[in-house]
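Engineer: curious how this folds, go ahead:
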Amino acid sequence: MRHNNKELLVVGDRVLVRLEEGEERTNVGLYLPPTAVDNQAVQGGTIVATGPGLPMPSPDSNVEEPWRVTSRETRFVPMQARTGDYALFFRKAAVEITFEGDRYLVVPQAAILALVRDELEDLMRGQNRP
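Structural biologist: All right, here's what the predicted structure looks like:
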């Protein structure tokens with residue numbers, strides 16, 4: 001995610017989540033203090049960036065010669081989450097950060113319970129495939 005001249009890179013199997021501003025308000029219109037919101041077990045937000053996924057070893061790695069230098073690229077197990085998805089996740093597994101004055105949560109993929117994805121966007125992607 002780029003902001004001004006800085007870029008925030010998410011590493012591994014983690015996602016960067018922007019919290020919804022409405023999270024601090026109840027259905028009847030009461031505003032909750034930040035401590036009450038932080039104590040919720042499950043929270044949701046929009047994914048603004050994803051990491052490359054979980055790194056995995058190359059299947060052709062030679063165990064007999066572990067010292068041998070090879071020039072293979074790192075491969076990753078892809079993430080299920082995509083930028084733009086709405087994620088429901090365990091709050092206790094998330095780490096809050098502030099980047100350029102905005103609050104975000106870094107959430108591991110294992111802590112994500114469910115993803116809400118725009119169906120129309122997926123249909124459009126499917127039509128563009130050969």
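
Engineer: kindly list the longest strand within this protein.
Structural biologist: strand 42-50 (DSSP state E).

Engineer: kindly export it (C-alpha atoms) in PDB.
Structural biologist: Extracted in PDB, the C-alpha atoms of strand 42-50 (Å, rounded to 0.1, in the frame of the first residue of the first chain):
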ATOM      1  CA  VAL A  42     -14.700 -10.900  16.400                       C
ATOM      2  CA  GLN A  43     -14.200  -7.800  14.400                       C
ATOM      3  CA  GLY A  44     -14.500  -6.800  10.800                       C
ATOM      4  CA  GLY A  45     -12.900  -4.500   8.200                       C
ATOM      5  CA  THR A  46     -11.900  -4.100   4.600                       C
ATOM      6  CA  ILE A  47      -8.600  -5.600   3.400                       C
ATOM      7  CA  VAL A  48      -6.400  -2.900   1.800                       C
ATOM      8  CA  ALA A  49      -3.300  -5.100   1.200                       C
ATOM      9  CA  THR A  50      -2.200  -8.700   1.400                       C
END
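
Engineer: got a list of contacts for it?
Structural biologist: 1, 8-10, 14-20, 23, 37, 79, 81-91, 94, 104-105, 113 (C-beta atoms under 8 Å, 6 or more residues apart in numbering). Any C-beta I mention is one placed from the backbone N, CA and C, and that applies to glycine too.

Engineer: among those residues, name the ones in strands.
Structural biologist: 14-19, 86-90, 104-105, 113.

Engineer: one step back: buried subset of the contacts of strand 42-50 as a ChimeraX selection?
Structural biologist: Here is the ChimeraX command that selects only those of the contacts of strand 42-50 that count as buried (16 or more other C-beta atoms under 10 Å):
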select :1,10,14,15,16,17,19,79,81,82,85,87,89,90,91,94,104,105
